[in-house]
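Student: model this:
(chains A, B, C and D, ligands or ions: 4)
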Amino acid sequence: MTVLEQRGSSRSASYWPAPPPAWRPRVDPAPLLPDAEPYRLLGTDAARQVEDGLLTELYEQLVRGRRYNAQATALTRQGRLAVYPSSTGQEACQVAAALALKEQDWLFPSYRDTLAAVARGLDPVQALTLLRGDWHTGYDPHEHRIAPLCTPLATQLPHAVGLAHAARLKGDDVVALALVGDGGTSEGDFHEALNFAAVWQAPVVFLVQNNGFAISVPLAKQSVAPSLAHKAVGYGMPGRLVDGNDAPAVHEVLTEAVERARRGGGPTLVEALTYRIEAHTNADDATRYRTDAEVEEWRGHDPIALLERELTERGLLSDAFVQRTRDGAEELAAGLRDRMNEDPALDPMDLFAHVYAEQTGQLREQAAQLRAELEAEAVGAEEDAGTEQGAGRGSADGVAGEERP
Amino acid sequence: MTVLEQRGSSRSASYWPAPPPAWRPRVDPAPLLPDAEPYRLLGTDAARQVEDGLLTELYEQLVRGRRYNAQATALTRQGRLAVYPSSTGQEACQVAAALALKEQDWLFPSYRDTLAAVARGLDPVQALTLLRGDWHTGYDPHEHRIAPLCTPLATQLPHAVGLAHAARLKGDDVVALALVGDGGTSEGDFHEALNFAAVWQAPVVFLVQNNGFAISVPLAKQSVAPSLAHKAVGYGMPGRLVDGNDAPAVHEVLTEAVERARRGGGPTLVEALTYRIEAHTNADDATRYRTDAEVEEWRGHDPIALLERELTERGLLSDAFVQRTRDGAEELAAGLRDRMNEDPALDPMDLFAHVYAEQTGQLREQAAQLRAELEAEAVGAEEDAGTEQGAGRGSADGVAGEERP
Amino acid sequence: MTATATEAGRKPASMAQALNRALRDAMAADPTVHVMGEDVGDLGGVFRVTDGLAKEFGEERCGDTPLAEAGILGTAVGMAMYGLRPVVEMQFDAFAYPGFEQLISHVSRMRNRTRGAMPLPLTIRVPYGGGIGGVEHHSDSSEAYYLATPGLQVVTPATVADAYGLLRAAIASDDPVVFLEPKRLYWSRADWSPEEPEPVSALGRAEIRRPGRSATLITYGPSLPVCMEAAEAATAEGWDLEVLDLRSLLPFDDETVCASVRRTGRAVVVHESSGFGGPGGEIAARVTERCFHHLEAPVLRVAGFDIPYPPPMLERHHLPGVDRILDTVSRLQWESDWTEGSGD
Amino acid sequence: MTATATEAGRKPASMAQALNRALRDAMAADPTVHVMGEDVGDLGGVFRVTDGLAKEFGEERCGDTPLAEAGILGTAVGMAMYGLRPVVEMQFDAFAYPGFEQLISHVSRMRNRTRGAMPLPLTIRVPYGGGIGGVEHHSDSSEAYYLATPGLQVVTPATVADAYGLLRAAIASDDPVVFLEPKRLYWSRADWSPEEPEPVSALGRAEIRRPGRSATLITYGPSLPVCMEAAEAATAEGWDLEVLDLRSLLPFDDETVCASVRRTGRAVVVHESSGFGGPGGEIAARVTERCFHHLEAPVLRVAGFDIPYPPPMLERHHLPGVDRILDTVSRLQWESDWTEGSGD
Ligand SMILES: Cc1ncc(C[n+]2csc(CCOP(=O)(O)OP(=O)(O)O)c2C)c(N)n1
Ligand SMILES: Cc1ncc(C[n+]2csc(CCOP(=O)(O)OP(=O)(O)O)c2C)c(N)n1
Ligand SMILES: [Mg+2]
Ligand SMILES: [Mg+2]
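Tutor: Ligands and ions are numbered 1, 2, ... in the order given. Okay, here's the model as predicted:
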């Protein structure tokens, strides 16, 4: 129990008539409150209990992830990606989120979480479709149970709750893990999703990657709460605070929360403290709102470096292992680069293909119009450049023809 | 400080390199957490410290309020009000909210809070305009600094925050007090408003009247939090829990919160535990979702009865005082009844008068159309009933006339 | 309450009862149909459309949610992603607005976003329109917002039979449907049986409710009865008005509408929603695009004024009524007597 | 960045710079003007429209808010209730949707609700439209939602000079204005001085950007340059097109629009927003209502398709382009050669 000031309640034992029972808080708040310090394994005695295999797996994934981020950023410079929001510095959260889930579970990523999707097994080219710009979602969400990357902030959270709730109603063993940023916690959808999850006791875990910024806005302008994890008690779910750059710690906290949800224990809110090393996206200029010194300070708390220290202590960071890990990462990057350098096959008629299960009359008309335009364009392109402009003019028939009476 | 489980942090003192400072929670959560038991004065020793004058004032207002509620409900049966959401049983919250404010402060009521507006000095007929149906708001909000009664749940909360913030920016000594129901706390606007208030340290107080129900939905389906006041810590503001039927207790908690806000101490969330004795509105059938026994139990914890006990103990509940109080209440009710029995003067042209500061061309056209119709109607009404139907037909000129070429 | 409609054969029923029956039959036929919203459980909804469902199918199939419309719609999206068919109730038109981000950015786009891999078979029931003496925010006509959102279907019944048939069709649709229920017709009654003419209507088809030769009144939902009344009254003026009930606003039945207007040569669109930027503009524009040379007069509109919905005591001035419809019909550039195909 | 525009006399400036200058001048002229939104402070907005304002006027006059659009709009309502003139930035069109309940239920109605006692002098800046290669949710044309909301004014500049003049007018208005900024014109440049022709434009007036005799292209915002280009190209076909820039969608300038269409006898409405339920329907319908007998052909529309906004690599197929406009003009039922007043 928390220490509570019981002002003026000295006569309350003999209070009469007894107040109606609806008044009793039904839940003890103490276990729902986060620790004051973020949970850490690396650099503490408890790190020793983590298995070698998990540490090396995390390490391989972190290195791959760092390389993936660098490659994706490079692709923006080559004009192969429309935009890329990097998760450099946040790889521990991304990787731990992916590894904490079982195959049948669902991941709900935001635009910044392609790495989590890749770590879960998604083809990186498919993961980057949205950001390349050839389609909105490049994969079938059912295949790896990864919801479409979500751009409108926090709107994916109620989806995760609904899906988890539906799975539970069907009796399926499924947990949903949803990612959101520190900025996203300010949105109404965050609030509504967490409340629904708690009231329904849905098997869902919310991971807030608190990377200190929402584009240019620092956390201090986003919230003055003791921590974002302190929001959990207001919904009646546990809130956990973890060092987001400590991969085994994030993994442990998330795995516990996922398994708790799986056992019917309801939702958990996890806040991982991390830092966005790169700008918001390649298009952003971070020097406008933060200092290099701050970035450097966080580079000193790098998730890969932290893990390497533990691996070194254990004698696991052999040259051969490091080389193998690097090679794997390079292979990923090279494959990504090569495949992203191919132009995607695009069919403009797809614009009309998936709006409804059955195309409406309106869309059939509009598709016919575009088809006619494209055919005219193709004809025009075949003819020489000197030809009269607008070869197809008048042939498009988008609006149903009007016969004169 | 709360008692926190420091899992695996035994090595953290020597943790190296030190994690960046952004990690330290800047706020101690303990003082922000509500007590486990609602704060009470009546029935406790502390009640003795409340001044006689305040108790008798509260009593007079509660009795007036009860009578006002009864009269308004009666007016719905006589077809004089379109609908009435009664605050019977919640009078202590309504009255305390009004009395906790100074003249320059602002009240932000919901549809159920006409009594709070009346207790603050608003003419009850003006307060009931919305519910009578002759206009949306029956008063100038600036006159008593009472925002329009708000129907879309929780949407008034950001208004209160914005107004309080603006007043502070201007250097004015103004506090805003906003009322919301237990159901309303589930809305995204509740969340966003509280967060803005905390980040801005705006001089605003949020009073949740937790009356156990949102129409038919009981609190247990609305929230599983230890209390609604536990949401406050998630924004970094204090949460307070109070017996909402204990008028001096609500008054004290609100007054403290208002004065704290006035001193620049920032916002407070107060949850008052109360009960809606009547159905949601006169149109609602409460027997569908709750038992008479539950209502009876709460009648046993009636705000007026609780206060009478204390007044009796102090010998303040003289027959003369009771009579005077009742007479005042009857006078209020009689005046209300008489004035509500008059048909309000209505001008249909008002429909177009206040949409914009300057009427648009569109609206001028439409106003002309309605005026023509009304004139035709008036002519038609003067002629005898046998006259051809639609006397005004063809004369209306809502759409600009088309001259043939 | 709905007992009279449970036996076969045509029995008197209200629109609310027909909707209730549609939900019940859909839930019985398909265990993936889930009803959710504010007060839809024990209370049976503020209009009693979900009456008895919680008792019959259990709270998990028809349950009260917390009070948060974006949350309701957003969790319903997630449920639909997992294969359920949620039927969401928004308590009143204006209280659907908090869910608009979910509606526009997700509900309408999920199928397209995923190239068809993740359809959302979601029905969103929205009681809409005025004429019930509701105070502020209880009488909005919000259909224009839905119409401007590609990926949605927008359907509204005007008859008891359609209330049943169209709601069944909406729930059966693999795509999201905004199902607009005209509040003031909830208590309209008709003899009706859920088995006839067809248990599930096709979506996207308009219906001629009254054939006529002089002009076409194009309408839907709450304005249908008003148009029928106007058409009756118009006979006194020598006008034989055709009345067309759109039923589906999106997709739009160009074929039926244009065939009618080509026949009559004149048209008036009637709806409660504000005129400016309302459905009538789209309807008039597309009819004109397609039937220009058949038109003897411009397509005119009778709509709510371009004002916030009025308070109850003034709403009758705002709502399209018989007189205003006939006034407008009179402005369709008639010759001294009605003759076919005169034109300019 | 905006230094070139600070001296008197016409200097080259981008639309973003003109908007920035309008904000700066408005803030300097009136201490009640407050700018607020996501990233409008140190960053100067993602489009740099608020660049330098925080430094010049302090964080209290131009400050970052928490990330919550309903909260931004809702608190701005409260600030306006207390007499401030908030200028709110919504970061992108689609991210204004979470604020729609505040917008529809409060922003548009507060004056009317209180019989004029509580006006809301609020400007809501919304970058809108596509053509910038933005990924999903960054290119919506949301004007139809605003148009269907009585009580709002809806304004959109298409030129650098209008960006300044109309924004000054919007901020000066005592009623709420949704100020739609065409994203792909942010970097369009023109020689311009904030002092001429008039520092503050009148709201509600359309402008003829190119006079012509054959037909009127009615357009606004991002489609104006496309229409101007189309009009130039059309001369090769023998068409002399008039191009009309609406500037204000609500209120609507019937006078200027109808005068033009009566003169030319033909009209095409051009906008990026989806056609169905979009602004074009309203515009075509009201022009037809008012100018029917002057029309040689139905008013046609060139609009975005009725689909969710496409991904960047496909957006060019969606956006109204010169060819599509000219194709549509060619369907305006021309005689073999253009002659005035032929008709049907
Ligand atoms: C509803 C909504 N509003 C605004 C935006 C624009 N936007 C994109 S990312 C971003 C900042 C998000 O910050 P945070 O939630 O902390 O996530 P991070 O980018 O740091 O991962 C903003 C404002 C958006 N995508 N959705
Ligand atoms: C946004 C919104 N959604 C739904 C409603 C319909 N509605 C009116 S009152 C009410 C219940 C409110 O419950 P609570 O907040 O506890 O307040 P109370 O009525 O108990 O005072 C509902 C759902 C509304 N007014 N606004
Ligand atoms: Mg962040
Ligand atoms: Mg309540």
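
Student: residues contacting C:Ser142?
Tutor: Contact partners of C:Ser142, counting by Cβ atoms under 8 Å, 6 or more residues apart in numbering or on different chains, are C:93-94, C:96-97, C:126, C:128, C:273. Every C-beta, even on glycine, is put in place using the N, C-alpha and C of the backbone.

Student: what segments of chain A are strands?
Tutor: Using DSSP state E, the strands found in chain A span residues A:106-108, A:176-181, A:204-210, A:213-214, A:217-218, A:239-243, A:268-273.

Student: of all these, which one comes closest to ligand 1?
Tutor: strand A:176-181 (2.2 Å; Cβ to the nearest ligand atom).

Student: in TSV: the strands of chain A, plus mean neighbour count.
Tutor: Shown next, in TSV, are these (neighbours: other Cβ atoms under 10 Å in any protein chain shown):
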stretch	mean neighbour count
strand A:106-108	27
strand A:176-181	30
strand A:204-210	31
strand A:213-214	23
strand A:217-218	20
strand A:239-243	27
strand A:268-273	29
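
Student: so for ligand 3, which of those strands sits nearest?
Tutor: strand A:176-181 (3.7 Å; Cβ to the ion).

Student: please save the CA atoms from the closest one in CSV.
Tutor: Extracted C-alpha coordinates of strand A:176-181, given in CSV (Å, rounded to 0.1, in the frame of the first residue of the first chain):
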residue,chain,number,x,y,z
ALA,A,176,-1.0,-8.2,-29.0
LEU,A,177,2.0,-5.9,-28.4
ALA,A,178,1.5,-2.3,-29.5
LEU,A,179,4.3,0.2,-29.9
VAL,A,180,3.8,4.0,-29.4
GLY,A,181,6.1,6.9,-28.9
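
Student: give me the sheet partners of that strand and which way each runs.
Tutor: Within its sheet, strand A:176-181 is paired with strand A:106-108 (parallel), strand A:204-210 (parallel), according to DSSP bridges.

Student: on that earlier part again, among the strands of chain A, which is nearest B:Leu269?
Tutor: Closest of those to B:Leu269 is strand A:239-243, at 17.5 Å (criterion: Cβ to Cβ).

Student: just the strands in the stretch 1-150 of chain C please.
Tutor: Taking DSSP state E, counting those that start in this stretch, the strands of the stretch 1-150 of chain C run over residues C:11-14, C:33-37, C:62-64, C:85-89, C:123-128.

Student: the longest one to strand C:33-37, inter-axis angle?
Tutor: With axes from the mean of the first three to the mean of the last three Cα atoms, to 10 degrees applied, the angle from strand C:123-128 to strand C:33-37 works out at 40 degrees.

Student: C-alpha coordinates for strand C:123-128, PDB please?
Tutor: The C-alpha atoms that make up strand C:123-128 are tabulated as PDB, following Å, rounded to 0.1, in the frame of the first residue of the first chain:
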ATOM      1  CA  THR C 123     -21.300  -1.700 -39.400                       C
ATOM      2  CA  ILE C 124     -21.600   1.600 -37.800                       C
ATOM      3  CA  ARG C 125     -25.100   2.500 -36.800                       C
ATOM      4  CA  VAL C 126     -25.700   6.200 -36.400                       C
ATOM      5  CA  PRO C 127     -29.100   7.600 -35.500                       C
ATOM      6  CA  TYR C 128     -29.300  10.800 -37.400                       C
END
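
Student: where does the prediction get shaky in chain C?
Tutor: Across chain C, the ranges flagged by pLDDT under 70 are C:1-8, C:196-197, C:336-344.

Student: which parts of it sit against ligand 3?
Tutor: Within chain C, not a single residue sits near ligand 3 (Cβ under 5 Å from the ion).

Student: quick check: longest strand in chain C by residues?
Tutor: In chain C, assigned by DSSP E, the strand with the most residues is strand C:267-274.

Student: tell me if it is near chain B.
Tutor: No. Against chain B, strand C:267-274 shows no contacts by Cβ under 8 Å from any Cβ of the partner chain, the least distance being 9.9 Å.

Student: by contact count, what packs against that strand?
Tutor: helix C:143-147, strand C:215-219, helix C:279-291, strand C:300-304, helix C:322-330 (3 or more Cβ pairs under 8 Å, 6 or more residues apart in numbering or on different chains; DSSP states H and E).

Student: highest average neighbour count across those?
Tutor: Of these, the one with the most neighbours on average (mean count of other Cβ atoms under 10 Å in any protein chain shown) is strand C:215-219, at a mean of 29.

Student: what is the subsequent helix or strand relative to that one?
Tutor: Tracing the chain C-terminally past strand C:215-219 and defining elements by DSSP states H and E, one meets helix C:224-234 next.

Student: sorry, back to before: the contacts of C:Ser142 also near ligand 4: which ones?
Tutor: For ligand 4, no contacts are drawn from these by Cβ under 5 Å from the ion.

Student: present those as TSV; the columns should include neighbour count.
Tutor: Listed next are the contacts of C:Ser142 as TSV, based on neighbours: other Cβ under 10 Å:
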residue	neighbour count
C:Asp93	25
C:Ala94	23
C:Ala96	29
C:Tyr97	27
C:Val126	26
C:Tyr128	28
C:Ser273	27
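
Student: ok, longest helix in the chain?
Tutor: Defaulting to chain A. Counting by DSSP state H, the longest helix found in chain A is helix A:52-77.

Student: please go with chain C instead
Tutor: Secondary structure of chain C read by DSSP H shows that its longest helix is helix C:15-29.

Student: briefly note if that helix comes near chain B.
Tutor: No. Using Cβ under 8 Å from any Cβ, helix C:15-29 stays clear of chain B, with a minimum separation of 14.7 Å.

Student: residue nearest the centroid of chain A?
Tutor: A:Pro109 (2.9 Å; Cα atoms, centre = their mean).

Student: I figured that residue hits A:His144, correct?
Tutor: No. Counting by Cβ atoms under 8 Å, A:Pro109 does not reach A:His144; the two are 11.0 Å apart.

Student: who touches both of these two?
Tutor: A:Ala117.

Student: so can I have CSV of the helices and strands packed on strand C:267-274 showing distance to A:Gly121?
Tutor: Converted to CSV, the helices and strands packed on strand C:267-274 look like this (distance: least, Cβ to Cβ, whole Å):
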stretch, distance to A:Gly121
helix C:143-147, 38
strand C:215-219, 53
helix C:279-291, 46
strand C:300-304, 54
helix C:322-330, 62
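
Student: what's the closest of those to ligand 1?
Tutor: Ranking the helices and strands packed on strand C:267-274 by proximity to ligand 1 (Cβ to the nearest ligand atom) places helix C:143-147 first, at 18.0 Å.

Student: ok, the residue nearest to the centre of chain A - contacts?
Tutor: With contact set as Cβ under 8 Å, 6+ apart, A:Pro109 has these partners: A:116-117, A:146-147, A:149-150, A:156, A:179.

Student: swap in 10 Å and give it another go.
Tutor: A:94, A:97-98, A:115-117, A:120, A:122, A:127, A:146-150, A:156, A:177-180 (Cβ atoms under 10 Å, 6 or more residues apart in numbering or on different chains).

Student: for it, grab phi and psi.
Tutor: The phi and psi values for A:Pro109, taken as degrees, to the nearest 10, are phi -90, psi 160.
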